[in-house]
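S.K.: Got a predicted model here, sequence first, then my questions.
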Amino acid sequence: MALDDFLEELDRLTAEALLTFNAASDAEALERARVEFLGARSGRLKDAQKILASVDRADKPAAGKRFNDTKAAIEAGFQDAGQRLAASGPSTAQAAGLDITLPGSRPRLGHVHPITRTIEDLKEIMGRLGFSVAAGPEVEDEWHNFEALNIPQSHPARDPLENFFLATAARSQPGASGGDRPLLLRSQTSTVQIRVMEHTEPPVRIISLGRVYRPDTADATHYPMFHQIEGLLIDRHVTMADLKSVLRLFARSYFGGDVHIRFRPSFFPFTEPSVEVDMSWNDAWIEMGGAGMVDPNVLRAVGYDPDQVSGFAFGLGVERVCARRHQVTDIREFYKNDVRFLEQF
Amino acid sequence: MIVSWNWLKDYVVLDVEPQELARRLMMAGLNHESTTTIDDDLAIDLEVTSNRPDCLGHLGIAREAAVLYGQQLRLPPVAPRESQPAAAELTKVAIECPELCPRYIARVIRGVRIGPSPDWLVDRLRTLGISPINNAVDITNYVLMECGQPLHVFDLSKLAGRRIVVREARQGERIEAIDHKTYELAPGICVIADERNPVAVGGVMGGAASEVSTATTEILLEAAQFDPAAVRATARRLSLHSDSSYRFERGVDPDGVDWASHRAAQLIQELAGGHEQVQVAAGSVDVGRGPTAREPVVLRFDQLRRILGIEIEPAEVCRILRALGNTERSVVLPARVEYRGSSQVGQIADAGSVEVVPPSWRADLTREIDLIEEVARIHGYDAIPEDVSVPMATSARSVEDWVLAEVRHVLTAAGFDEALTVSVVEEAWSAAFSPWTESPPLVASMPVLRRADRLRRSLVPSLLGARRTNETLSNPVIELFETARVYLPRAGQLPDEPLMLALASGGDFLHVKGVVEALVAALKCPDRVEAQPAEFELLARGHGARLLLAGEVLGYLGPLSAEGMKTFELREPATVAELRLDLLIKFAVRVPRYEPLPVYPAVSRDLNLQLDANVAWSGLERVVRTAAGPLLERLEYRDTYRDPQRVPPGKKRVLFSFALRDPQGTLTGAQADELRDRVAAACAEQLGAEMPSV
């Protein structure tokens, strides 16, 4: 055979082999292609090798070199195709009998309680508005839970049956807390505001949150223990317009959209004026919580001069916010800790 | 407070639809609960806050409406025709307990014909949900709902001695009230008595024995004031709540007591026989302390802006205050006032002010801020803008918040669900586990839920309770954690309330310990957790551990004992742990420092040692670490073998591997082998360890 013909034959062989390898869509097809081109007995490369023997003696060195190059190229092409199939997987996987539609083996992840998530969301938003988190004890004395909050002894809120006072028998035991002072489980987180103001000069910008306790019979909307979040801002020149504006920023951040705020007059001992706060939501007003300007008696109780500083306070029931957000219809679910409930959040 | 729409219109011209009135009243402080049609009337239910007892009568609501719509309030005339003999000649009143009953006014009305009330009166009471009884009693209810002053009528002929003694009840006294139930009385309860027995529970309810009936011809009409706290206590003690007690608990208008008495006398005269028949005895027997003069209050006009953030014209401020019944004493309008000093003439700004005397029915108005609120709510809170710019301020997340967030991340990643349980538990749970204090728990004076009255000293019992709840629900995986406070009593002060993290798991000891170790590592605490034996009844004997971090007690860990499972009625084994979060907060490193990564490769070696069965891993670990020296990078426990076919009795085989790395250069295999041999030799020497032949 003439050298040119032989070289042409080798080029055609290379092109065809690479084309066939690349077209192989699974391992079986690639194996058929391998046998066709690289088969030890009757592969086409073997055929070409036989032709090499019939090339003119003078042309042999050149023809031999090209043959070796061709062989290397085809073998490399086969390797590449094999790797390609292994990487793309499916055919190999199916060949191995794996049903890729089977569910994956998921790690079991735990869940954060919805009340905690709500608290964290609220804290984060208020943090962006410059309010730092403050904490205080849950077992309180009457000064912080009542007196300093402008709730005098005669106020119905101080009725022993409206609060969880600690039993005196337990307190008089040796080593027990409180001495002779009556102690109670705090009925509001405003106690924390008093504790912070007692130790801080204005300006004060805090949120306090946590568990509070009131003797309500447990039902779908009441529980004797619940969570409150309360904000407090004390400074010179703080007005009700600041209160409304902060609450609007808060509501827009938490609920999204162009929310508006409405105040309705109300009554709380520790604020005056006192208001119920509504926000516009889907063309209706829904209740957010209570708010007001800190009562001058409260400012005086912590040693502030009400003619020098003013401030606002607001409070939300976390359970109510959380229940509304997630459409939980019975707040007792929050404390039952059924894992099927917890897993929903 | 239910308001009759028809009745309200007696006192004020209302040119608006009822729903518009309800909206305006709501925006002025009277929350609208509902409106119900009753025959040709509307019953409008308004929520009255506890500071506004003046709105517990139609006149009070009408006054608010009149202020809001710029109308005049029309008071009904009160002028009964009186005749001799005077009331003082017909009865006597004595108050023996002025602290419980500061004032008592008795009127005597004779010649009455008791019978049904006229239809208009019955209709109005029906709108309010009050059943008619007879004309005299209906009139007291009518006047109560008109002005908010409770009244009572006695059949004078049934009062022993024809007189009234207001006194504390005596031990053992009882009374059958007009609800025909008998109540046990006691000192502290104010009673209206005749010469012998109580005839009414003061401010709460009249007695059956002296009640007005069709046979009654002469009436003693009571109008009195009772101490709010005492009435509240009595109503609560007797579980007897009435329209009267509701109003006395909130305080009545001291100037309105006599007005109400006059008003009722007039209506009785008109409706229970007429002027010819019915003789209203001249005057009254008025005993006790009359109303005292109110202190004036000054409102500085500039304070409105300072508190509300808006300007309100002084003229409007004064109009609102007057319309609410305040008596204006003086007004100083804002002005620039000239002054002459010793050498110069200047000007100072005077913000101006108004001085008023609040009306008798508004005991809640005593301070400038009270007047600011009045002006604000009538002027309308809608005038306050919601888009002022509030100055910015920094706020930082506390280390505590950060650690708690990390705890939640790690534990949820480890498959634990966060639980929230009640802080107060029943006695058996409280006693079940208390690792932090030996002091008895604080006790609430009444249970918070069912039998739960002990402030918890550990979170673990509550989590086990939640675990039981889930077991009864057949939930297959119950992995719970909680972060909350416990309450540790301290003598003479508020209890200590450390934050705790508790875990309750279906996994075994090493599983829960691993979670704890992972948490400590995630918080970058500079030390590792050490375990020491600790015994608790709740935990399986010999399996309880006290966990230490940097030498301080971090917490406790262990699987439940059989008794522990029984206490909490658990079917499946469980492991619990409780950790002090304050310690984690103390040791957590929020900003870890970068350590350059090693350049040279590490070499691993395994060792399989046969040891006495009682050699603890912690002891082995100590020997290995010391022997291997600074090149030891990582030591990992692999397994323990106790196969009796291969391991002699009293022995165990412990397999562990360790990684060695030289920061200065590549460690050769020979060096690693030499270190391994040195470790094995140290273990042999100090722990009697042998290298098993197989």
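M.R.: Yep, that arrived. Residues are numbered from 1 along each chain as shown, chains lettered A, B, ... in the order given.
S.K.: Would you map the strands across the stretch 201-350 of chain B?
M.R.: Taking DSSP state E, counting those that start in this stretch, the strands of the stretch 201-350 of chain B run over residues B:205-206, B:218-225, B:279-281, B:285-288, B:297-300, B:327-332, B:335-340, B:345-350.
S.K.: and among the ones you listed, the most buried is which?
M.R.: strand B:218-225 (a mean of 26; mean count of other C-beta atoms under 10 Å in any protein chain shown). The C-beta positions use only the backbone N, C-alpha and C, and glycine is treated the same way.
S.K.: what packs against that strand?
M.R.: Where contact means 3 or more C-beta pairs under 8 Å, 6 or more residues apart in numbering or on different chains; DSSP states H and E, strand B:218-225 is packed against strand B:103-110, strand B:151-155, strand B:163-168, helix B:256-271.
S.K.: TSV for the ones you listed, including mean pLDDT and mean neighbour count?
M.R.: Shown next, in TSV, are those (pLDDT from 0 to 100; neighbours: other C-beta atoms under 10 Å in any protein chain shown):
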stretch	mean pLDDT	mean neighbour count
strand B:103-110	97	24
strand B:151-155	97	25
strand B:163-168	96	22
helix B:256-271	96	23
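S.K.: what's the closest of these to chain A?
M.R.: The closest of the helices and strands packed on strand B:218-225 to chain A is strand B:103-110. By C-beta to the nearest C-beta, the value is 18.0 Å.
S.K.: any chance of the strands of the stretch 201-350 of chain B in JSON lines, with mean pLDDT too?
M.R.: JSON lines is the format used below for those (pLDDT from 0 to 100):
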{"stretch": "strand B:205-206", "mean pLDDT": "94"}
{"stretch": "strand B:218-225", "mean pLDDT": "97"}
{"stretch": "strand B:279-281", "mean pLDDT": "95"}
{"stretch": "strand B:285-288", "mean pLDDT": "96"}
{"stretch": "strand B:297-300", "mean pLDDT": "97"}
{"stretch": "strand B:327-332", "mean pLDDT": "94"}
{"stretch": "strand B:335-340", "mean pLDDT": "73"}
{"stretch": "strand B:345-350", "mean pLDDT": "73"}
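S.K.: Nearest to B:A682, out of those?
M.R.: In terms of C-beta to C-beta, the element of the strands of the stretch 201-350 of chain B nearest to B:A682 is strand B:297-300, at 85.8 Å.
S.K.: how far out from the middle of the chain is that closest one?
M.R.: 34 Å (C-alpha atoms, centre = their mean, to the nearest Å).
S.K.: can you list contacts of that strand?
M.R.: Contact with strand B:297-300 is made by B:317, B:321, B:351-358, B:365-368, B:370-372, B:375, as judged by C-beta atoms under 8 Å, 6 or more residues apart in numbering or on different chains.
S.K.: Partner strands of it, with direction?
M.R.: strand B:353-357 (antiparallel) (DSSP bridges).
S.K.: Can you tell me which of the strands of the stretch 201-350 of chain B is nearest to A:K46?
M.R.: Per C-beta to C-beta, nearest to A:K46 of the strands of the stretch 201-350 of chain B: strand B:297-300, 111.6 Å.
S.K.: what about the helices in the stretch 151-300 of chain A?
M.R.: Under the criterion DSSP state H, counting those that start in this stretch, helices of the stretch 151-300 of chain A are mapped to A:168-171, A:190-199, A:240-255, A:296-301.
S.K.: could I get those as TSV with mean neighbour count?
M.R.: Shown next, in TSV, are those (neighbours: other C-beta atoms under 10 Å in any protein chain shown):
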stretch	mean neighbour count
helix A:168-171	16
helix A:190-199	22
helix A:240-255	22
helix A:296-301	20
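S.K.: so which of the ones you listed comes closest to A:E343?
M.R.: Across the helices of the stretch 151-300 of chain A, A:E343 has its closest neighbour in helix A:240-255 (24.1 Å, C-beta to C-beta).
S.K.: No more questions from me, cheers.
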